[in-house]
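1. Turn this into a model:
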Amino acid sequence: VSALAAARVAIMEGRLGVGSEGGQRLTVAFDAYMDWAREHRPKSIRYRDAARKQVVAFFGNVPLRNLTVTAIERYKRQRAKEVAAATVNLDLAALKHLLHWCAVRGLVAETQAAAVRSHVELLELDNARERFLGEGEQVRLFLAAGEQSDNFRRLVIAAMNCGQRSADVRGLTWDRVNLAAGVILFVRGKARAGSRAKRGLIQINDSLRAVLEDALADRREDDPPFVFLTRHRHPWTNNTVNREWLKACAAAKLDDLRFHDLRHHFASILVQRGIGPRHGIRGSRRRALRAGVRSRHRCRTGRSSAGV
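-> Residues are numbered from 1 along each chain as shown. Below is the predicted model of the structure:
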């Protein structure tokens, strides 16, 4: 155990590499990579750790030079029989980055890492969903969400009327809301060196304005700066949203509906009204509306509610 720990430290410090291309073992290299990821990629540590378990279980403690394109393609085919394509792609992404990370440190040949990166392709995903809310479903959802709490009802209505991801709506703070100008500034992610965080302006419609004014009237002096809070005055988390969402969907008798589908519903409404991806949202968040291209089914269903 002490020898393995010493090897991990040597890899992290760059002392193990020269003359060891491909000879280092998978488990030691992957453990050292995970130590690095916990410090430099903490938000994605869960999927990397899940990939590590699967990759090590499949390949064993082989030398890194054994992770060839052929071997990884064999792993991809086997995993595709067991799990969804998206899960396989997460494993492949982690494995590709591991080899790149090892190549930088001299643990594998640059040519090996480059070959895997170029020739091991991710599986195709079918992300299109034919799921949106009818008018009756909207009413039932709003009523069920209101029975959970007014706080959750506000969150649901806001998500349906701004077309943003759950994390963006949950993380919205009051300093980004301009009721007088009728816009909200959404910022996604943190800027890294040489890049900028993704920003975009959302126009506030009547339904969204009513929710924001309601939340503002309910605001207390000691509240956190977030616009949407739970009834216990805490910021919403992914777990608390999912818990309330499942309860509301069960009460409203809504099947196969995810919170993220509210974003698709928003895009469907814009497409039906003839609003393209360059309108209704400014900045780099235009991708939020491009989902509407996959939602043309809504245009064939007839009239939809104007103010969601």
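2. just for the chain, where's the confidence low?
-> For the chain, applying pLDDT under 70 flags the ranges 1-23, 127-130, 188-198, 275-308.
3. What segments of it are strands?
-> For the chain, the strands defined by DSSP state E cover 177-178, 183-188, 198-203, 281-283.
4. which stretches of the stretch 101-250 of the chain form helices?
-> 110-119, 135-148, 150-162, 166-170, 206-217, 238-252 (DSSP state H, counting those that start in this stretch).
5. Pull up the gap between the residue nearest to Ile157 when sequence neighbours are not counted and Asn205, please.
-> Among residues not flanking Ile157 along the chain, Val211 sits closest, at 4.9 Å (Cβ to Cβ, 6 or more residues apart in numbering). All C-beta atoms are positioned from the backbone trio N, CA, C, and that covers glycine. From Val211 across to Asn205, the span is 10 Å (Cβ to Cβ, to the nearest Å).
6. Show me whatever sits in contact with both of those two.
-> Asn161 (Cβ atoms under 8 Å, 6 or more residues apart in numbering).
7. ok, the two, which is more surrounded?
-> Neighbour totals were compared for Val211 and Asn205, and Val211 leads with 24 against 15 (other Cβ atoms under 10 Å).
8. just checking, that one touches Arg154?
-> Yes: under the criterion of Cβ atoms under 8 Å, Val211 makes contact with Arg154 at 4.7 Å.
9. OK, contacts around the residue nearest to Asp91 when sequence neighbours are not counted?
-> Spatial nearest neighbour of Asp91, excluding adjacent residues (Cβ to Cβ, 6+ apart): Ala51 at 4.3 Å. Applying Cβ under 8 Å, 6+ apart to Ala51 gives the contacts Leu90, Asp91, Ala93, Ala94, Leu95.
10. Pull out the buried residues from stretch 244-254.
-> Of the residues in stretch 244-254, Glu244, Trp245, Ala248, Cys249, Ala252, Leu254 count as buried by neighbour count, 16 or more other Cβ atoms under 10 Å.
11. I'd like the residues you listed laid out as a markdown table, including distance to Asp35.
-> Shown next, in a markdown table, are these (distance: Cβ to Cβ, whole Å):
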| residue | distance to Asp35 |
| --- | --- |
| Glu244 | 36 |
| Trp245 | 36 |
| Ala248 | 41 |
| Cys249 | 40 |
| Ala252 | 46 |
| Leu254 | 44 |
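12. which one of those is nearest Gln164?
-> Gln164 lies nearest to Trp245 out of the buried residues of stretch 244-254, by Cβ to Cβ, at 15.7 Å.
13. wait, that closest one sits on His260?
-> No: judged on Cβ under 8 Å, Trp245 makes no contact with His260 at a distance of 10.1 Å.
14. just checking, Arg263 touches Gln164?
-> Yes: with contacts counted by Cβ under 8 Å, Arg263 reaches Gln164, the gap being 6.7 Å.
15. What about Arg199, how many residues nearby?
-> 16.
16. Pairing partners for it in the sheet, please.
-> The bridge-partner assignment for Arg199, based on DSSP bridges, gives Val187.
17. So it versus Arg243, what's the distance?
-> 30 Å.
18. And for Ala180?
-> 35 Å.
19. repeat for Leu185
-> From Leu185 to Arg243 the distance is 29 Å (Cβ to Cβ).
20. Quick check on those two: which one has the bigger neighbour count.
-> Set side by side, Leu185 and Arg243 show more neighbours around Leu185, with 17 against 13, by other Cβ under 10 Å.
21. Provide a list of residues in contact with the closest residue to the more buried one other than its chain neighbours.
-> In space, Leu185 comes closest to Arg176 once its chain neighbours are excluded; the distance is 4.3 Å by Cβ to Cβ, 6+ apart. Shown here is Arg176, whose contacts under the criterion Cβ under 8 Å, 6+ apart are Ile184, Leu185, Phe186, Val187.
22. now Ile72
-> So, once contact is read as Cβ under 8 Å, 6+ apart, Ile72 ends up touching Leu92, Leu95, Val116, Val120.
23. Leaving out sequence neighbours, find the closest residue to the last one.
-> Right, Val120. Ile72 (5.1 Å).
24. roughly how far apart are the one you found and Ala114?
-> 13 Å.
25. Also Asn151?
-> For Asn151, the distance to Ala114 - Cβ to Cβ - is 51 Å.
26. Between those two, which is the more surrounded one?
-> Taking other Cβ under 10 Å, Asn151 and Ala114 do not tie; Asn151 has more neighbours (21 against 13).
27. count of residues packed around the residue lying closest to that one once chain neighbours are set aside?
-> Leaving aside its sequence neighbours, Asn151 sits nearest to Arg231 (Cβ to Cβ, 6+ apart; 5.1 Å). Around Arg231 there are 10 other residues, counting by other Cβ under 10 Å.
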